[in-house]
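Asks: what follows is a protein structure lacking sequence information:
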């Protein structure tokens, strides 16, 4: 019955079997569990392996022990289907109205609801995630947007004894399940669109260097630059030592003093796009007449701006839904423990009015001092 050559440990397979018995009603609430000795004989494993599976379920709150009487089923599946969702910096009651988290939340809410899973939202930190994984409160956890530097946090996800997944972060490691936007594909769409408009002097302006999204967007930009042999491109990373607004102002000052103005700019997120537009307006830099602009991240009202903003729409709803469907399938035993999810969902370039084609003469003129 147990697959000894599978990626899942024997105690986890026993735990999955017990959870399936509870979900299907073959084991009822308050029913005593077979003894460790009987289970070890049935599965042909040591009693220690059985004890570890049962201990995990006791910690999870599905089983409870009575000294001298045995182990009993406390909850016929409710805790198994309860998911902990951990975000950073946004209080739960405001998530639905947030342009980024709101779409993610809509996706995983629909996916978990369809699977009849409940969820609780908490603030993301290493201590809180450690507590959630070990508390027995949840059947699985979803971790949203960890930072690149938070290696211990992703290690916790990798070692988690309960199903887990990271969303909105493309990880290089293969021992953690994740689903995220294909940031490099989004940048590629933007660059090739600008190349088709005859732009060759293109700048990427990224913020939040400690996020996986920014990291992948920058790497994607640099790969295309190298592939196409573009020698007049710029990569400008706002390092977080000052406000984004001040950093954007300093970047414009650098372009003015140095005399090398890009003909097109791709901003790495709305945190850059908004101050970039404000600074351009303050300096009377016209978009798209002076600089074509593409924003990574679409925004509400982008079609009503003057000019309408060309933007890369992240598939946030789709990312949330894919993560929810995976974690629900894993906690219900429908997805094997050794099956991994490393999924990137491509974004969509929405062409509007903030970019224009340029002639060779215009290009040379714009690269001179304004």
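Replies: That came in fine, so what should we check first? This structure is a prediction, so every number in the text was calculated from the model and none was measured.
Asks: CA atoms for contacts and neighbours, from now on please.
Replies: OK.
Asks: ok, the residue nearest the centre of the chain to residue 260 distance?
Replies: Closest residue to the average C-alpha location of the chain: residue 168 at 1.1 Å, with CA atoms, centre = their mean. Here residue 168 is placed at a distance of 35 Å from residue 260 (CA to CA, to the nearest Å).
Asks: also residue 9?
Replies: Separation of residue 9 from residue 260 (CA to CA): 59 Å.
Asks: do residue 21 as well
Replies: 68 Å.
Asks: can you tell me what sits against stretch 202-216?
Replies: 145-149, 168-171, 183-184, 218, 221, 232-240, 244, 262-269, 271-272 (CA atoms under 8 Å, 6 or more residues apart in numbering).
Asks: again, but for stretch 134-152
Replies: Stretch 134-152 has contacts (CA under 8 Å, 6+ apart) with 56-61, 79-88, 124, 126, 132-133, 153-154, 162-169, 210-212, 323, 327, 331.
Asks: which residue ranges form the helices in the stretch 251-370 of the chain?
Replies: 270-282, 316-331, 360-366 (DSSP state H, counting those that start in this stretch).
Asks: actually, the stretch 1-150 of the chain.
Replies: So, for the stretch 1-150 of the chain - with DSSP H, counting those that start in this stretch - the helices run 10-23, 36-43, 47-60, 92-95, 101-114, 126-135.
Asks: now for the third one, which elements pack on it?
Replies: The reference is to helix 47-60. Packing partners of helix 47-60 (3 or more CA pairs under 8 Å, 6 or more residues apart in numbering; DSSP states H and E): helix 10-23, helix 36-43, strand 63-66, helix 126-135.
Asks: who are the packing partners of the shortest one?
Replies: On a contact count with 3+ CA pairs under 8 Å, 6+ apart, strand 63-66 meets helix 47-60, strand 70-73.
Asks: and the last one, what other elements does it pack with?
Replies: Taking 3+ CA pairs under 8 Å, 6+ apart as contact, the helices and strands that strand 70-73 lies on are strand 63-66.
Asks: what lines up beside the strand it packs on in the sheet?
Replies: Using DSSP bridges, strand 63-66 pairs in its sheet with strand 70-73 (antiparallel).
Asks: which other residues reach the strand it pairs with?
Replies: Contacts with strand 70-73, where a contact means CA under 8 Å, 6+ apart, come from 27-33, 35, 62-66.
Asks: buried sites along that strand?
Replies: Residues of strand 70-73 classed as buried: 71-73 (neighbour count, 16 or more other CA atoms under 10 Å).
Asks: which of the residues you listed sits closest to residue 361?
Replies: Distance to residue 361 across the buried residues of strand 70-73 (CA to CA) is lowest for residue 73, with 77.7 Å.
Asks: look up how far residue 34 lies from that closest one.
Replies: For residue 73, the distance to residue 34 - CA to CA - is 11 Å.
Asks: over to residue 286?
Replies: From residue 286 to residue 34 the distance is 75 Å (CA to CA).
Asks: break this protein into its domains for me.
Replies: Here the domain assignment for the chain is 10-73, 79-181+317-347, 183-314+350-366, based on automatic domain parsing.
Asks: any chance of those in a markdown table, with distance to residue 3 too?
Replies: Output for those, formatted as a markdown table (distance: least, CA to CA, whole Å):
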| stretch | distance to residue 3 |
| --- | --- |
| domain 10-73 | 8 |
| domain 79-181+317-347 | 11 |
| domain 183-314+350-366 | 36 |
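Asks: mind putting these into JSON lines with mean pLDDT?
Replies: Formatted as JSON lines, these follow (pLDDT from 0 to 100):
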{"stretch": "domain 10-73", "mean pLDDT": "86"}
{"stretch": "domain 79-181+317-347", "mean pLDDT": "88"}
{"stretch": "domain 183-314+350-366", "mean pLDDT": "91"}
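Asks: and those: which comes nearest residue 1?
Replies: Closest to residue 1 of the domains of the chain, according to CA to CA: domain 10-73, at 7.0 Å.
Asks: quote the end-to-end distance of the closest one.
Replies: Distance between the two ends of domain 10-73: 21 Å, counting by CA to CA.
Asks: ok now that domain, how far from the chain's centre?
Replies: Distance of domain 10-73 from its chain centroid, counting by CA atoms, centre = their mean, to the nearest Å, is 34 Å.
Asks: now swap in stretch 350-366 and tell me
Replies: Computed by CA atoms, centre = their mean, the chain-centroid distance of stretch 350-366 equals 33 Å.
Asks: what residues does the residue nearest to residue 351 when sequence neighbours are not counted make contact with?
Replies: Once flanking residues are discounted, residue 351 sits nearest to residue 310: 4.8 Å by CA to CA, 6 or more residues apart in numbering. By CA under 8 Å, 6+ apart, the contact list for residue 310 reads 293-295, 302, 349-355.
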